[in-house]
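Colleague: My questions concern the predicted model and sequence given below.
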Amino acid sequence: MSVSLGSLVGSLGSLGSLVMHPYAVGSVSGTTGAMLVLLCLLLCALWTRRRSSASLPGPSFWGGLGPLLSYGRFMCTGIGTACNYYNGKYGSLVRVWINGEETLILSKQVALEYCSQIWSTAVYHVLKSAHYTARFGSKRGLECIGMEGRGIIFNSNVPLWRKVRAYFAKALTGPGLQRTVGICVRSTAKHLDDVQQMTDASGHVDVLNLLRCIVVDISNRLFLRVPLDEGELLMKIHNYFETWQSVLIKPDLFFKIGWLCNKHEKAAKALQDAMESLIEIKRKSLAESEKLDDDRDFTSELIFAQMVIAAPDTLSVSLFFMLVLLKQNPEVELRILKEILVESGSKEVEHMDLQNLKVLESFINECLRFHPVVDFTMRKALEDDVIDGTKVAKGTNVILNMGLMHRTEFFPKPNEFCLENFDKL
C-alpha cells in the first residue's frame, strides 16, 4: 500500500478543519479517531518496511531518490564499475536498486557450515541453488538481443541446461577431449602459417583479433563444419556484444525511442540472420547425409549458435591475458615448458595426459583469477532464501562481484599474480 505525500497532507488538512469547527466536533470525533488510527498503522507499516530494508548496508532510499541515483550509476558507469564502487563504499554485502528492483551485491566468499564442516561458500550456494536459476535483465533488452526465453544463457530452463551439459562433458573427456585438442592444434597452426595476412603495414599483428579468428574456426570445426567468413562474422559478433552490454539493464522507455534503439536492434538482427544462414547450411548438409542424428542437429542449432557468439570475446580475451602474463612472468613460462616437455616425451599433444600438467593448470586458474574476463554474475531469487544470515526476498536481484572476490584473503597473495594461490586447491 502506498500513499502520496500530497493526498496525506490533504487528508490531514481536512481532518484539521473538521476538528476545529465547533459544530462538527461531536459528529466527527469517531471518524477522526478511526482515521488517525489507520494513519498510525500505515506509518508503522511503512516504517517497519523501510527499517527492514535499511538494515542492509547501501545507499539511502531518500524518498525514492536513492533508487534513481543507484540505477543512474549502473547506467552511466556499467555494472562492474558500479558494483566495485558500492562494495568499496559499503562493504561486501550491499543493497542497491536497478530499474526500481532491489538488488544485492556480494563480493566476499563467505563460508557456510554443514554438519560442522566448512563445505561451501555463499557464492556456491547462489550458483548451485535451484532458487537462483534465473538471470535478471531488462525484458525488452533481452528481446532485442534474442535471448528472452531462448538459447541457453537467459532462458532459466534447468532441464535444457542438463541436456546441454552432457555435450560439454563429452567434449571434455576421453576421445572427445583428444579430438578437441587436435582441432585446436590444427586451427592454431593454420592461422599462424597465414599470420602474414593479418599483419599491417607497420609489421604489427592484432593478436586479439588473431585469437578471435582462431576461436571461431575451432568452434566451427567442432560443431557446424561449414564454410564461413571469419572476418565478417567477427565484426557482427563484436557489434552484437556492444549491443548486449548497452541494453541489458536499459529501462522500457529506451526502447520506445526509435533513434536510440534502432542501431542496437539492427546489430542484433545482423548476427541472428548470419547464424540462421549458417545453421540452414548445416540443416541441408544433415538432410543429405546418409544417417540423420537429431541430437547432432540439436547441438548444431543450440550449442554452436551460443558458443560462436560468446567464445570470441570470452575465450580469446582470456587467452590474450594469458599471453600477456607469460610475457610479464618468464619464469612461469619456463616452468610450463619444462613440464610439457617432460610429460609429452615423443607423444603428440593430442595423446598427452593433460591432467598431469599441474603447473599449466595452476597457471590457467591464476590467469582467470587475476584477469577474469567476466567479473560479475547476475541472478534473480525465485524463492525466499537466506544468504549469510541475510533474508533474501523472492524476486530480489543478486550480483556476484567475482572481480573483487578474486582479490580477497581467500588466496595467499590476492593482489599478486602467483601460482602459489592455487597450490593447495
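Modeller: Now that the structure is in, tell me what you want to look at.

Colleague: List the contacts of the residue positioned nearest the centre of the chain.
Modeller: Taking CA atoms, centre = their mean, the centroid of the chain lies closest to Thr377, which sits 3.8 Å from it. Residues near Thr377 by CB atoms under 8 Å, 6 or more residues apart in numbering: Leu127, Ile399, Leu400, Met402. Placement of C-beta: from N, CA and C, glycine included.

Colleague: 10 Å instead, please
Modeller: Contact analysis of Thr377 by CB atoms under 10 Å, 6 or more residues apart in numbering lists Leu106, Val123, Val126, Leu127, Tyr132, Arg135, Val398, Ile399, Leu400, Asn401, Met402.

Colleague: Identify the residue with the minimum pLDDT among those.
Modeller: pLDDT across the contacts of Thr377 is lowest for Val123, at 77.

Colleague: Tally up the residues packed near that residue, please.
Modeller: Residues lying near Val123 (other CB atoms under 10 Å) number 20.

Colleague: Quick check, it in contact with Lys108.
Modeller: Yes. Val123 is in contact with Lys108 according to CB atoms under 10 Å; the separation is 8.9 Å.

Colleague: Please enumerate the shared neighbours of the two.
Modeller: Common contact partners of Val123 and Lys108 (CB under 10 Å, 6+ apart): Asn401, Met405.

Colleague: What is the neighbour count of the closest residue to Ser344 other than its chain neighbours?
Modeller: Nearest residue to Ser344, sequence neighbours excluded (CB to CB, 6 or more residues apart in numbering): Met352, at 5.4 Å. Per other CB under 10 Å, the neighbour tally for Met352 reads 16.

Colleague: so what's Met352 up against?
Modeller: Met352 sits in contact with Gln178, Val181, Ile340, Glu343, Ser344, Gly345, where contact means CB under 10 Å, 6+ apart.

Colleague: Present those as a markdown table; the columns should include secondary structure.
Modeller: Shown next, in a markdown table, are those (DSSP: H, G, I helix; E, B strand; the rest coil):
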| residue | secondary structure |
| --- | --- |
| Gln178 | helix |
| Val181 | helix |
| Ile340 | helix |
| Glu343 | helix |
| Ser344 | helix |
| Gly345 | coil |
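
Colleague: so where does Ile399 fall, helix or strand?
Modeller: strand 397-400 (DSSP states H and E).

Colleague: in its sheet, what does that strand sit against?
Modeller: strand 101-106 (parallel), strand 377-380 (antiparallel) (DSSP bridges).

Colleague: winner for burial among those?
Modeller: Mean neighbour count (mean count of other CB atoms under 10 Å) peaks for strand 101-106 among the strands paired with strand 397-400, with a mean of 22.

Colleague: From the chain's centre, how far out is that one? Work that out for me.
Modeller: From the chain centre to the centre of strand 101-106 is a distance of 14 Å (CA atoms, centre = their mean, to the nearest Å).

Colleague: quick one: contacts for Asn87?
Modeller: By CB under 10 Å, 6+ apart, the residues touching Asn87 are Pro57, Leu93, Val94, Ile105, Leu106, Ser107, Lys108, Ile399, Asn401, Gly403, Leu404, Met405.

Colleague: ok, 7 Å please
Modeller: The contact partners of Asn87, taken as CB atoms under 7 Å, 6 or more residues apart in numbering, are Val94, Ile105, Ser107, Asn401, Leu404.

Colleague: State the distance from it to Leu400.
Modeller: According to CB to CB, to the nearest Å, Asn87 and Leu400 sit 11 Å apart.

Colleague: Ala381: neighbouring residues, count only.
Modeller: Neighbours of Ala381 (other CB under 10 Å): 22.

Colleague: Show the contacting residues for it.
Modeller: By CB under 7 Å, 6+ apart, the contact set of Ala381 is His131, Tyr132, Val392, Ala393, Lys394, Gly395, Thr396, Val398.

Colleague: do that again at 6 Å, thanks
Modeller: His131, Val392, Lys394, Thr396 (CB atoms under 6 Å, 6 or more residues apart in numbering).

Colleague: Of those, which belong to strands?
Modeller: Of these, the ones assigned to strands by DSSP state E are Val392.

Colleague: so how far is Ser92 from Gly72?
Modeller: As for Gly72, its distance to Ser92 is 23 Å (criterion: CB to CB).

Colleague: For these two, indicate the residue with more neighbours.
Modeller: Ser92 (18 against 11).

Colleague: That one is in contact with Lys108, isn't it?
Modeller: Yes. Judged on CB atoms under 6 Å, Ser92 makes contact with Lys108 at a distance of 3.5 Å.

Colleague: Point out the one among the strands paired with strand 397-400 that comes closest to Thr188.
Modeller: Nearest of the strands paired with strand 397-400 to Thr188, taken as CB to CB: strand 377-380 at 29.7 Å.

Colleague: Beyond that closest one, next helix or strand please.
Modeller: strand 385-387.

Colleague: Quick one: list the elements packing against that following strand.
Modeller: Secondary-structure packing of strand 385-387 (3 or more CB pairs under 6 Å, 6 or more residues apart in numbering; DSSP states H and E): no helix or strand packs against it.

Colleague: residues making contact with it?
Modeller: Against strand 385-387 from outside (CB under 6 Å, 6+ apart): Ala122, His131, Val392.

Colleague: For that strand, give the mean pLDDT please.
Modeller: The model assigns strand 385-387 a mean pLDDT of 89.

Colleague: shaky segments in the stretch 1-150 of the chain?
Modeller: Flagging of the stretch 1-150 of the chain using pLDDT under 70 yields the residue ranges 1-54, 109-121, 148-150.

Colleague: now the helices for it?
Modeller: Along the stretch 1-150 of the chain, the segments classed as helices by DSSP state H, counting those that start in this stretch run 5-20, 25-54, 65-77, 79-90, 122-128, 139-144.

Colleague: Right, I'll leave it there.
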